[in-house]
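*Asks:* show me the folded form of this:
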Amino acid sequence: MPQRVHIARELAEVFKLIAHPDRIRLIEELRTGECDVNTLAERLSLPPTRLSQHLSLLRTARMVEERRNGRQHLYRLAQPQIAGWITDGLAFVEARAPAALAGELREVRELWS
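*Replies:* The predicted structure is shown next:
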């Protein structure tokens with residue numbers, strides 16, 4: 001039983017880390033491969049400094065890896081299957097969402113698939 005408690009805590013930490021709308025979008029943006037901060041900031045409509053803070057948290061948790069190419073810093077998911085968790089989570093959102101959001105959910109599912 002103690003090992004289940006330990007694993008449950010570890011998993012809760014992962015969920016806490018990804019439980020931010022910007023980080024969810026960031027993970028989904030990185031699902032297709034590595035990208036630099038400025039490109040990510042542009043695609044996600046976020047200030048680069050804010051995006052860098054999110055990347056730092058994800059990097060510290062070893063969810064994101066960084067590679068340098070000269071002065072450019074490129075980021076990628078350490079375990080790309082985490083993006084699948086988020087896509088799978090859309091089913092839970094769809095089950096709870098009002099019918100008025102069906103179109104938005106369909107668009108997001110297409111974008112993230």
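*Asks:* which residue is nearest the middle of this structure?
*Replies:* Ile27 (2.3 Å; Cα atoms, centre = their mean).
*Asks:* ok, that residue - contacts?
*Replies:* 18, 58, 63, 77, 82-83, 86 (Cβ atoms under 8 Å, 6 or more residues apart in numbering). Bear in mind the C-beta positions are built from the backbone N, C-alpha and C, glycine included.
*Asks:* shouldn't it be within a helix?
*Replies:* Yes: assignment of Ile27 by DSSP: H, G, I helix; E, B strand; the rest coil places it within a helix.
*Asks:* follow-up on the earlier one: which one of the contacts of Ile27 has the most neighbours?
*Replies:* Counting neighbours by other Cβ atoms under 10 Å, the top entry in the contacts of Ile27 is Leu58, with 23 neighbours.
*Asks:* next one: that residue from Val37, what distance?
*Replies:* Between Leu58 and Val37 the computed distance is 12 Å (Cβ to Cβ, to the nearest Å).
*Asks:* where do the strands sit along the protein?
*Replies:* Ranges of strands in the chain, per DSSP state E, are 35-36, 64-69, 72-77.
*Asks:* tally of neighbours for Leu74?
*Replies:* 15.
*Asks:* that one pairs with what?
*Replies:* On the basis of DSSP bridges, Leu74 is bridged to Asp36, Arg67.
*Asks:* which residues touch it?
*Replies:* 34-36, 66-68.
*Asks:* looking at the residues you listed, which one is closest to Ala102?
*Replies:* Cys35 (30.0 Å; Cβ to Cβ).
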